[in-house]
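A.B. asks: 3D model of this:
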Amino acid sequence: MISVILPACNEEKMIEKAYFTIVELLRAEKIIYEIIFIDDGSKDGTWDEIRSLEQRGAVKGITFSRNFGKEAAIMAGLTYASGDCCVVMDCDLQHPPKTIIEMYRLWEQGYEVIDGVKKNRGKESGLHRIAAQTFYRLISNATHLDMSNASDFKLLDRKAVDVLLRLPERQPFFRALSSWIGFKTAVIEFEVQEREIGESKWSLKSLIKYALTNITSFSTIPLHFVTISGFLFLIFSMILGIQMLYFHYSGRALEGFTTIIILLLLIGSILMIGLGIVGYYIAKIYDEVKGRPRYIVSEIATSENEKNNKDSFNI
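C.D. replies: Below you'll find the model as predicted:
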């Protein structure tokens, strides 16, 4: 059986369409399935739309007590999935549903992780495109994994899912971790589809926060910037010191007020940036040490009208 996991946040207009589109494809291929919707604290009627599918069969709905983010929604979907393999995809159908069949056939051939890789990024603003390319370049260098065209559109074998769920971190970066765990991997390219209804829920602020969270959760490179800056400034200081000594002994010493002010500002800026980076990592450590759950489930709906015996808190 395949579990199709669809995180949703304020997607009431896409729930029914996503369900029927995916189910029609899977039934045509005679693939046994379950559809899992995760309502990530939506403010519209997303949960009501999910509940309306309750009697359709092979549907499971999970709603959070508040918005915990897409990564938490993905992990919740994997936790409650019963399939021998799981597909994670966007509820807005920008990930083409027909690609699920191709992924499934590769899984039948023995592949355990099938990555959906974007041929293009679809329509987006120039600023958004530059920001995304910069982020993926940074995360690729940080993780030593090719994340240039990575996406959350993936199929994972049950073995890979179980490994992911055993990882203890509170703020997982799904698209990087699913590559980091290894296993027999295949890649499928897909064209990003245009959103039919609504608009992207990702603002520039949320994308910046997402980038910072995932870079720091998967890499310590920003901490090394502090050390590198320190050495660069040490070299700069030595050169400037030699120059000042030369001027002093040659009788051409300047008063140097401007130089002193510039140096103080430069040193202060580097120190403050360094403290900020270290502080951010300490904050991340603080979040991990607290051990709070990744998400809190408010309600679960299944097509069988049976209560799920899983705990509402997940770590």
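
A.B. asks: so where do the helices sit in the protein?
C.D. replies: Assigned by DSSP state H, the chain shows helices spanning 15-28, 46-52, 70-80, 98-108, 126-143, 158-166, 174-180, 204-218, 221-249, 257-290.

A.B. asks: which positions in the second one come out as buried?
C.D. replies: The reference is to helix 46-52. 46, 47, 49, 50, 51, 52 (16 or more other C-beta atoms under 10 Å). In short, each C-beta sits where N, CA and C put it, glycine included.

A.B. asks: output it as CSV, nothing but the C-alphas.
C.D. replies: C-alpha atoms of helix 46-52 as CSV (Å, rounded to 0.1, in the frame of the first residue of the first chain):
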residue,chain,number,x,y,z
THR,A,46,-9.5,23.4,5.3
TRP,A,47,-10.3,21.0,8.2
ASP,A,48,-14.0,21.0,7.3
GLU,A,49,-13.1,20.1,3.7
ILE,A,50,-10.9,17.2,5.0
ARG,A,51,-13.7,16.0,7.3
SER,A,52,-16.1,16.1,4.3
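
A.B. asks: show residues contacting that helix.
C.D. replies: 8-12, 15-16, 37, 39, 59, 61, 63, 299, 301 (C-beta atoms under 8 Å, 6 or more residues apart in numbering).

A.B. asks: switch to 10 Å and redo it
C.D. replies: 6, 8-16, 18-19, 35-42, 45, 59-64, 91, 298-299, 301 (C-beta atoms under 10 Å, 6 or more residues apart in numbering).

A.B. asks: could you do the fourth one as well?
C.D. replies: Contacting residues not belonging to helix 98-108 are listed as 2, 4, 21-22, 25-26, 28-29, 31, 33, 84-85, 87, 89, 96, 111-116, 153-157, 184-191 [C-beta under 10 Å, 6+ apart].

A.B. asks: same thing but at 7 Å, please
C.D. replies: By C-beta atoms under 7 Å, 6 or more residues apart in numbering, the residues outside helix 98-108 that reach it are 2, 4, 22, 25, 29, 31, 85, 87, 114, 116, 155, 157, 186, 188, 190.

A.B. asks: and the angle from it to helix 15-28?
C.D. replies: With axes from the mean of the first three to the mean of the last three C-alpha atoms, to 10 degrees defining the directions, helix 98-108 sits at 40 degrees from helix 15-28.

A.B. asks: buried sites along helix 98-108?
C.D. replies: 99, 100, 102, 103, 104, 106, 107.

A.B. asks: re earlier: now list the buried members of the contacts of helix 46-52.
C.D. replies: 6, 8-12, 14-15, 18-19, 35-42, 59-64, 91, 301.

A.B. asks: those residues in strands, which ones?
C.D. replies: 6, 8, 35-39, 59-64, 301 (DSSP state E).

A.B. asks: roughly how far does residue 157 sit from residue 4?
C.D. replies: The gap separating residue 157 from residue 4 is 15 Å, by C-beta to C-beta, to the nearest Å.

A.B. asks: ah, wrong one, I meant residue 264
C.D. replies: From residue 264 to residue 4 the distance is 59 Å (C-beta to C-beta).

A.B. asks: tell me which of those two has more neighbours.
C.D. replies: Using other C-beta atoms under 10 Å as the criterion, residue 264 and residue 4 rank with residue 4 on top: 27 against 10.

A.B. asks: lowest-scoring secondary structure element of this protein by mean pLDDT?
C.D. replies: When each helix and strand of the chain is scored by mean pLDDT, DSSP states H and E, strand 313-314 comes last, with a mean of 42.

A.B. asks: and of the buried residues of helix 46-52, the nearest to residue 73?
C.D. replies: residue 46 (11.6 Å; C-beta to C-beta).

A.B. asks: any idea how far the closest one is from residue 18?
C.D. replies: Using C-beta to C-beta, we find residue 46 at a distance of 11 Å from residue 18.

A.B. asks: likewise residue 61?
C.D. replies: Residue 61 is 13 Å from residue 18, by C-beta to C-beta.

A.B. asks: repeat that for residue 36.
C.D. replies: From residue 36 over to residue 18 the distance is 12 Å, taken as C-beta to C-beta.

A.B. asks: nice, that's everything, thank you.
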